[in-house]
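Chemist: Sharing a model prediction with you, sequence too.
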Amino acid sequence: MVRHTATSVVTIDRFIIDQESRQPKASGELSGILYDLVVAAKMISNKVRSAGLADIIGAAGTENIQGEVQQKLDLFANDTIVKAMDHGGRLCAMASEEEADIIPIPQGFKHGKYLLLFDPLDGSSNIDVNVPVGTIFSVLKKEGEPGPGTTRDMLQAGHRQVAAGYVIYGSSTMMVYTTGQGAHGFTLDPSIGEFLLSHPNIKTPEHGRYLSVNDAYEQHWEEPVRALMRRYRGLDGKRDAMNVRYVGSMVSDFHRNLLGGGLFAYPANAKNPLGKLRLMYECNPLAFICEQAGGAATDGTQRILDVQPTELHQRTPVFIGSRGDVAIAQEMLAR
Ligand code: AHM
Ligand code: MG
C-alpha cells in the first residue's frame, strides 16, 4: 500500500510573493531584488560546489581594500552578484566588501530606490580546506531625490535596513533572509534548483550552548573582554561553561549559533582596535536577522543596529547571538 504523507513545499519565490502581499504598499521592487539575489546565490553555490574540482582554488594575486589576499572565488562571487543585480532597475548603487568604491549602475540602465551592500564570499580563506563559506547582503533605501546612489546615501544605521540575508554554502546550501517579518531559512534542493522553505520563522534560544571566538587574541584583549570570556567559559563560577566552536567563517559560526543558541564574538584587540569585521557588510545584516530571530547584537557599548556609520568599510567589535548571552557582554563591557 502506498502511503501519502502531507507535505508543504514552498519555494522561496512563492514565499517572497506571499510576504509581499502582506504589505499593501509594496511595489514589488524589493521582491525583485530578492529574486535576483536568489539567482546569484545559485550560481555561486554551483561554483563553490566544484571548487575542489576546478582549477579555481588559490589566490588571484590581488589584494582587496582591507589588505587581504582575495581568493579567485571571491572575484567570481563579486562579479556574479554585480552582473545579476546591476541592470534590474531596482538599485541605484551597490557596495562590496571587496571593492574600495561604490559600484554604480551602468549607463543606460534605470536607477531604482534601493542600495545593496554585500560581502560576496565571507570566510573565503577557508575555501581550500572545505570549510563552509557564505554570502551576506544588506538592502537599504535611498532617501531623498531619485537618481544615482552615493556613499553618503549608504551611510545609514542598520535599523534602517529593509532586507538582509545570507547564503551559507555548507553541507547543503541555505539562504536565510528577513524583510522585518521574521527570519526564514530555505534549503537549496540541487535536483530541482529551487530553494525550499526549511526553517520558517527561526527563533534562537534565549541562552545558548556555543561560544565562537578566536581566543588566540586573548593576550591582546582588554581586561573586561578577558573577564567576559572567562564568564562564558564558566571559569568565574557564575554560569555554566559554554562549548567553544570556531571555524573562522563568520556566516558558519553565526548560523550554527542562530539555530543552536550561543554567541559569536569578535572583540576589539590591541592589533585591531576596532575589531576586524565590517559593520555594513557583515555585522548589520546578521544583526538584523539575529534580532528578527529573537537574538541581539552589540558592539559592547551600543546595539549594532544603532551604530551610525561614518565610512563604508567601517569595522566594529561585535557580540551577536542569544539575547541572554549578549546581555552579559553589554553589562560587563559597559562598566
Ligand atoms: P573575510 O570577509 O575577509 O573572509 O573575513 C571575515 C572572516 C570572518 O568570516 C571570520 O569570522 C573572521 O574573518 C575570522 O578572523 P580571524 O582569523 O581573525 O579569527
Ligand atoms: Mg567577510
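Modeler: Cool, the structure landed. Residues are numbered from 1 along each chain as shown. Ligands and ions are numbered 1, 2, ... in the order given.

Chemist: for stretch 159-171, which positions count as buried?
Modeler: Within stretch 159-171, the residues that count as buried by 16 or more other CB atoms under 10 Å are 161-170. Glycine gets a C-beta too; all of them are placed from N, C-alpha and C.

Chemist: hey, C-alpha coordinates of it in PDB?
Modeler: Taking C-alpha atoms only, stretch 159-171 is exported to PDB below (Å, rounded to 0.1, in the frame of the first residue of the first chain):
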ATOM      1  CA  HIS A 159      18.000  49.600  11.900                       C
ATOM      2  CA  ARG A 160      17.100  51.200   8.600                       C
ATOM      3  CA  GLN A 161      17.800  48.100   6.500                       C
ATOM      4  CA  VAL A 162      14.700  47.000   4.600                       C
ATOM      5  CA  ALA A 163      16.100  43.500   4.000                       C
ATOM      6  CA  ALA A 164      19.100  41.400   4.900                       C
ATOM      7  CA  GLY A 165      20.300  37.900   4.500                       C
ATOM      8  CA  TYR A 166      23.000  35.400   4.000                       C
ATOM      9  CA  VAL A 167      23.700  32.300   2.000                       C
ATOM     10  CA  ILE A 168      25.700  29.500   3.500                       C
ATOM     11  CA  TYR A 169      27.500  27.000   1.200                       C
ATOM     12  CA  GLY A 170      27.700  24.200   3.800                       C
ATOM     13  CA  SER A 171      26.700  20.600   3.700                       C
END
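
Chemist: tell me the least confident of the buried residues of stretch 159-171?
Modeler: Lowest in pLDDT among the buried residues of stretch 159-171 is residue 170, which has 93.

Chemist: And residue 180, how close does it get to residue 46?
Modeler: Separation of residue 180 from residue 46 (CB to CB, to the nearest Å): 30 Å.

Chemist: ugh, wrong one, I meant residue 285
Modeler: According to CB to CB, residue 285 stands 23 Å off from residue 46.

Chemist: Between those two, which is the more surrounded one?
Modeler: More crowded of residue 285 and residue 46, by other CB atoms under 10 Å: residue 285, with 25 against 15.

Chemist: In contact with the spatially closest residue to that one that is not a sequence neighbour, which residues?
Modeler: Using CB to CB, 6 or more residues apart in numbering and skipping the chain neighbours, the partner closest in space to residue 285 is residue 164 (3.6 Å). With contact set as CB atoms under 8 Å, 6 or more residues apart in numbering, residue 164 has these partners: 136-139, 177-178, 284-286, 288-289.

Chemist: Next: residue 225.
Modeler: Neighbours of residue 225 in contact, by CB under 8 Å, 6+ apart: 267-269, 333.

Chemist: Work out which residue lies at the spatial centre of the chain.
Modeler: residue 136 (3.6 Å; CA atoms, centre = their mean).

Chemist: just to revisit the earlier point, may I ask which two of the contacts of residue 225 are separated the most?
Modeler: Farthest pair in the contacts of residue 225 (CB to CB) is 269 and 333. Separation: 13.4 Å.

Chemist: how about low-confidence regions in this protein?
Modeler: Scanning the chain with the threshold set as pLDDT under 70 gives 1-7, 52-71.

Chemist: ranges for the helices of it?
Modeler: With DSSP state H, the ranges of helices along the chain come out as 12-21, 29-49, 72-85, 151-154, 223-232, 250-260, 284-292, 323-334.

Chemist: Dump those to a markdown table, plus distance to residue 129.
Modeler: As requested, the helices of the chain are exported to a markdown table (distance: least, CB to CB, whole Å):
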| stretch | distance to residue 129 |
| --- | --- |
| helix 12-21 | 29 |
| helix 29-49 | 13 |
| helix 72-85 | 13 |
| helix 151-154 | 33 |
| helix 223-232 | 26 |
| helix 250-260 | 12 |
| helix 284-292 | 23 |
| helix 323-334 | 28 |
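
Chemist: surely residue 224 meets residue 330?
Modeler: No: in this structure residue 224 lies outside contact range of residue 330 using CB atoms under 8 Å: 11.4 Å.

Chemist: okay, now residue 332: neighbour count?
Modeler: Burial measure for residue 332: 17 neighbouring residues, criterion other CB under 10 Å.
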